[in-house]
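Undergrad: show me how the following folds:
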Amino acid sequence: MLPRNVENFIGCDSGYRAAQVVLYGAPFDSTTSYRPGARFGPAAIRHESYGLETYSPYQDADLTDCAVFDSGDLELCFGSSESALVDIESRAAEILRDGKFPLLLGGEHLVTLGAVRAVAARWPELHIVHFDAHADLRDDYLGAKLSHACVLRRCHDLLGDGRIHQFCIRSGDRAEFAFAAAHTDLHRFDFSGLPALTQWLRETQVPVYLTVDLDCLDPAVFPGTGTPEAGGVSFPQLLEAIRTVAQARLVGADLNELAPMLDASGASTATACKVLRELLLAICHRRPA
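TA: You can find the predicted model right below:
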């Protein structure tokens with residue numbers, strides 16, 4: 001039984017026993033390759049969520065009708081990526097054992113690996129749907145194999161070929177794109193191909209993990225991130241993509257790479273809050289896994 005957090009994301013005040021979805025934060029950014037600050041993302045999202053309504057006109061749904069428990073942030077070791085990943089995996093596994101949906105708030109994108117380890121142990125046939133500006137398929141970054149630049153490569157080590165589906169990718173070195181051509185299902189620049197993929201995922205009923213790096217958004221919309229990349233998708237396009245993927249058999253998800261102090265206006269944090277609200281509502285209305 002997880003204890004109640006002091007400050008919850010707006011509308012996420014269900015008790016743990018009754019919860020369908022459990023939020024857990026991973027405030028970690030020790031491998032950030034450009035501008036740090038994503039460790040402050042989960043707390044900022046919770047705190048600033050009170051500027052939102054719980055009701056979504058996009059989905060005609062309200063968070064007060066969902067059973068979501070916010071367990072707060074993990075206390076992670078910043079000196080060891082592997083120790084942090086072990087703690088994230090342990091929390092995700094606990095949530096899964098209790099029959100609940102784990103939704104991770106990063107933090108840098110490496111935190112996804114801890115959650116995927118737990119979900120893949122439960123569902124070895126897992127597929128990943130990945131929204132990001134970056135391919136994240138480097139085998140190492142400056143010698144480190146545990147880096148946010150390598151997270152999807154490490155997920156491929158777990159899952160193998162044909163089970164990672166990447167969208168909005170517009171940045172990576174030549175070797176990453178060559179690796180993707182041989183081993184992953186990579187879609188450049190936008191969400192082209194997502195409806196057809198989702199239809200296949202629904203028909204096959206394979207378990208799906210959704211990972212959303214918020215830098216898939218154009219930096220004109222979302223500048224508060226460590227590695228902004230021009231040419232991203234719009235906010236409405238991202239919401240539509242989330243609602244589309246939620247029609248598949250989702251069994252876990254995450255939202256990451258908000259660095260709130262890199263956008264003094266607060267607009268990026270407000271955007272992250274709204275994306276999380278829409279993601280939660282889409283999950284709560286998903287097909288049963």
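
Undergrad: could you list the buried residues of stretch 230-237?
TA: Using 16 or more other C-beta atoms under 10 Å as the test for burial, stretch 230-237 gives 232-233, 237. The way it works is simple: take the backbone N, C-alpha and C, and place the C-beta from them, glycine included.

Undergrad: wait, I meant stretch 61-69
TA: Per 16+ other C-beta under 10 Å, stretch 61-69 contains these buried residues: 61, 63, 66-69.

Undergrad: hang on, the earlier thing: okay if I get the buried residues of stretch 230-237 as CSV plus distance to residue 132, secondary structure and pLDDT?
TA: Output for the buried residues of stretch 230-237, formatted as CSV (distance: C-beta to C-beta, whole Å; DSSP: H, G, I helix; E, B strand; the rest coil; pLDDT from 0 to 100):
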residue, distance to residue 132, secondary structure, pLDDT
232, 10, coil, 98
233, 11, strand, 98
237, 14, helix, 98
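
Undergrad: closest one of the residues you listed to residue 154?
TA: residue 232 (24.0 Å; C-beta to C-beta).

Undergrad: which residues touch that closest one?
TA: 133, 168, 170, 215-219, 221-222 (C-beta atoms under 8 Å, 6 or more residues apart in numbering).

Undergrad: considering those, which possesses the most neighbours?
TA: Taking other C-beta atoms under 10 Å as the neighbour criterion, residue 168 ranks highest of the contacts of residue 232 with 30 neighbours.

Undergrad: CA atoms of the helix or strand hosting that residue as CSV?
TA: Per DSSP states H and E: residue 168 is located in strand 164-169. The C-alpha coordinates for strand 164-169 follow below in CSV (Å, rounded to 0.1, in the frame of the first residue of the first chain):
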residue,chain,number,x,y,z
ILE,A,164,9.4,-0.2,-31.1
HIS,A,165,7.3,2.3,-33.1
GLN,A,166,8.8,5.8,-33.2
PHE,A,167,7.0,9.0,-34.3
CYS,A,168,8.0,12.7,-34.8
ILE,A,169,11.6,11.8,-35.0
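
Undergrad: need the contact partners of it.
TA: Applying C-beta under 8 Å, 6+ apart, the set of residues contacting strand 164-169 is 127-135, 152, 155-156, 180, 183-191, 193-194, 197, 216, 232-233, 241.

Undergrad: mind jotting down where the strands sit in this structure?
TA: Here the chain has its strands, by DSSP state E, at 21-26, 55-56, 61-62, 68-73, 101-106, 127-131, 164-169, 185-188, 207-213, 249-256.

Undergrad: for residue 87, which of those strands is the nearest?
TA: That would be, of the strands of the chain and by C-beta to C-beta, strand 21-26, which comes in at 8.3 Å.

Undergrad: what is that closest one packed up against?
TA: Contacts defined by 3 or more C-beta pairs under 8 Å, 6 or more residues apart in numbering; DSSP states H and E place strand 21-26 against helix 41-48, strand 68-73, helix 81-97, strand 101-106, helix 267-284.

Undergrad: tell me the mean pLDDT over the longest one?
TA: Across helix 267-284, pLDDT averages out at 98.

Undergrad: pLDDT below threshold where in this structure?
TA: By pLDDT under 70, the low-scoring segments of the chain are 1, 4-6, 286-289.

Undergrad: residue 29 touches residue 37, doesn't it?
TA: Yes - counting by C-beta atoms under 8 Å, residue 29 does reach residue 37; the two are 6.6 Å apart.

Undergrad: give the residues shared as contacts by the two.
TA: 226, 259.

Undergrad: of the two, who's got more company?
TA: Neighbours were counted for residue 29 and for residue 37 using other C-beta under 10 Å; residue 29 has more, 25 against 20.
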